[in-house]
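A.B. asks: coords please:
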Amino acid sequence: QVQLVESGGGLVQPGGSLNLSCTTSGNNDPIYVMGWYRQVPDKQRELVAKIAAMVGATDYAEFAKGRFTVSRDNTKKTVYLQMNSLKPEDTGIYYCNTIIGHASGDYSAHWGQGTQVTVSS
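C.D. replies: Numbers count the residues shown, from 1 in each chain. From the prediction side, this is the model:
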């Protein structure tokens, strides 16, 4: 059973930084995409950033460009999200997402339990 374990959330002051990490376990099939989504108050879950595990190509939401950096360590099956210059509107629950490819040709998407990020003075 695939499990995603996140860490690194917490309380930070505006302008501060946090580094989230998420490790995938429980499956040996190749990981194709790893990424981060968030749900902030009164909004639907939205993409923050994602990275193609094999080639390292990245995709960022507009609000994340220039402030957030997504990276991965394939040997550890871990994806990171370095968040700098945090703003109060970044407050929310951040979810890790992994897309795994299977020998059958199908793909499956998996989610972490979410980690709370609070930006407040």
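A.B. asks: Now do the contacts for the residue nearest the centre of the chain.
C.D. replies: The residue at the geometric middle of the chain, judged as the C-alpha nearest the mean C-alpha position with CA atoms, centre = their mean, is Trp36 (2.4 Å). Residues in contact with Trp36 (CB atoms under 8 Å, 6 or more residues apart in numbering) are 20, 22, 47-50, 70, 79, 81, 94-97. Where you see a C-beta, it was placed from the backbone N, CA and C, and this is true even at glycine.
A.B. asks: Assign it to helix, strand or coil.
C.D. replies: In three-state terms, and counting by DSSP: H, G, I helix; E, B strand; the rest coil, Trp36 is strand.
A.B. asks: Report the beta-bridge partner residues of it.
C.D. replies: Applying DSSP bridges to Trp36 yields these beta-bridge partners: Ala49, Cys96.
A.B. asks: Make 27 the starting number, not 1.
C.D. replies: Happy to do that; since the first residue is 27 now, the last one works out to Trp62.
A.B. asks: Make JSON lines from the contacts of Trp62 and add neighbour count, distance to Tyr133 and pLDDT to it.
C.D. replies: Output for the contacts of Trp62, formatted as JSON lines (neighbours: other CB atoms under 10 Å; distance: CB to CB, whole Å; pLDDT from 0 to 100):
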{"residue": "Leu46", "neighbour count": "23", "distance to Tyr133": "23", "pLDDT": "98"}
{"residue": "Cys48", "neighbour count": "26", "distance to Tyr133": "18", "pLDDT": "97"}
{"residue": "Leu73", "neighbour count": "14", "distance to Tyr133": "17", "pLDDT": "98"}
{"residue": "Val74", "neighbour count": "24", "distance to Tyr133": "20", "pLDDT": "98"}
{"residue": "Ala75", "neighbour count": "23", "distance to Tyr133": "19", "pLDDT": "98"}
{"residue": "Lys76", "neighbour count": "22", "distance to Tyr133": "14", "pLDDT": "98"}
{"residue": "Val96", "neighbour count": "22", "distance to Tyr133": "20", "pLDDT": "98"}
{"residue": "Val105", "neighbour count": "30", "distance to Tyr133": "17", "pLDDT": "97"}
{"residue": "Leu107", "neighbour count": "27", "distance to Tyr133": "22", "pLDDT": "98"}
{"residue": "Tyr120", "neighbour count": "24", "distance to Tyr133": "22", "pLDDT": "98"}
{"residue": "Tyr121", "neighbour count": "20", "distance to Tyr133": "18", "pLDDT": "98"}
{"residue": "Cys122", "neighbour count": "26", "distance to Tyr133": "17", "pLDDT": "97"}
{"residue": "Asn123", "neighbour count": "20", "distance to Tyr133": "12", "pLDDT": "97"}
